[in-house]
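Visitor: take this sequence and fold it.
(chains A and B)
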Amino acid sequence: DAGVIQSPRHEVTEMGQEVTLRCKPISGHDYLFWYRQTMMRGLELLIYFNNNVPIDDSGMPEDRFSAKMPNASFSTLKIQPSEPRDSAVYFCASRLTGVAETQYFGPGTRLLVL
Amino acid sequence: RKEVEQDPGPFNVPEGATVAFNCTYSNSASQSFFWYRQDCRKEPKLLMSVYSSGNEDGRFTAQLNRASQYISLLIRDSKLSDSATYLCVVTGGSYIPTFGRGTSLIVHP
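Guide: Below you'll find the predicted structure:
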């Protein structure tokens, strides 16, 4: 079975540009999570969805960040405008309710904002 | 106080050694506990769940102490391939996880 798929794997952009990160969760999973990982702050939960509905976005750092899940097989995290402090690894993870609460992570997107 | 705290290490041990990590959590209502492993430049992956009665998986033993609000991971007979960062994960209601910042383990020949 395919795991969680993320694209792009690497992104280098200039400050002020719009960045869109994409995620395809494992088929049948009903939860989807977006995380950000940096050396300074570790792994932070940004937002999560249940059955395509955003449940908690309290971890989203500011209005420049937005996330959508238009259907069960696709989600995006958008940063507009991007800033150098947004440089991090962004992980998407999915989970199936009732199955040991195990999260499966995608390979991550390494974002560098110059 | 951070919700989940870990000693960042690194723990530098020789092959064959036994090493133990602890993790403390602040929310006494926490429900589920896990250890994840993250290799360099890779995604976190579940290593094992942590049960109240303690559990073992080969060379790995995990324990939970609810009274003192900590969990532990013991690795026996360390291998070079055990070198990684070990993330402590605690979940509350709705099983939404909080990750610790991880403990780095380096196993050397």
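Visitor: all contacts plus neighbour counts: C-alpha atoms, from now on.
Guide: Will do.
Visitor: number of nearby residues for the residue nearest to A:Trp34 when sequence neighbours are not counted?
Guide: Residue nearest to A:Trp34 in three dimensions, not counting chain neighbours: A:Cys92, with 4.6 Å by C-alpha to C-alpha, 6 or more residues apart in numbering or on different chains. For A:Cys92, the count of nearby residues is 32 (other C-alpha atoms under 10 Å in any protein chain shown).
Visitor: swap in B:Glu3?
Guide: B:Glu3 has 12 nearby residues by other C-alpha under 10 Å.
Visitor: measure it to B:Leu64 for me?
Guide: 16 Å (C-alpha to C-alpha, to the nearest Å).
Visitor: swap in A:Phe74?
Guide: 36 Å.
Visitor: so which of these two has more stuff around it?
Guide: Between A:Phe74 and B:Leu64, counted using other C-alpha under 10 Å, the more crowded position is B:Leu64 (22 against 17).
Visitor: and the residue nearest to that one when sequence neighbours are not counted, helix, strand or coil?
Guide: Of all residues not flanking B:Leu64 in the chain, B:Ile71 sits nearest, at 4.4 Å (C-alpha to C-alpha, 6+ apart). Secondary structure state of B:Ile71, per DSSP: H, G, I helix; E, B strand; the rest coil, is strand.
Visitor: residue ranges for the strands of the chain, please.
Guide: Assuming you mean chain A. A:5-7, A:10-13, A:19-24, A:31-38, A:42-50, A:53-56, A:65-71, A:74-79, A:88-95, A:104-105, A:109-113 (DSSP state E).
Visitor: try chain B instead
Guide: Under DSSP E, chain B gives strands at B:4-6, B:11-14, B:19-25, B:32-38, B:44-50, B:55-57, B:60-65, B:70-75, B:84-91, B:97-99, B:103-108.
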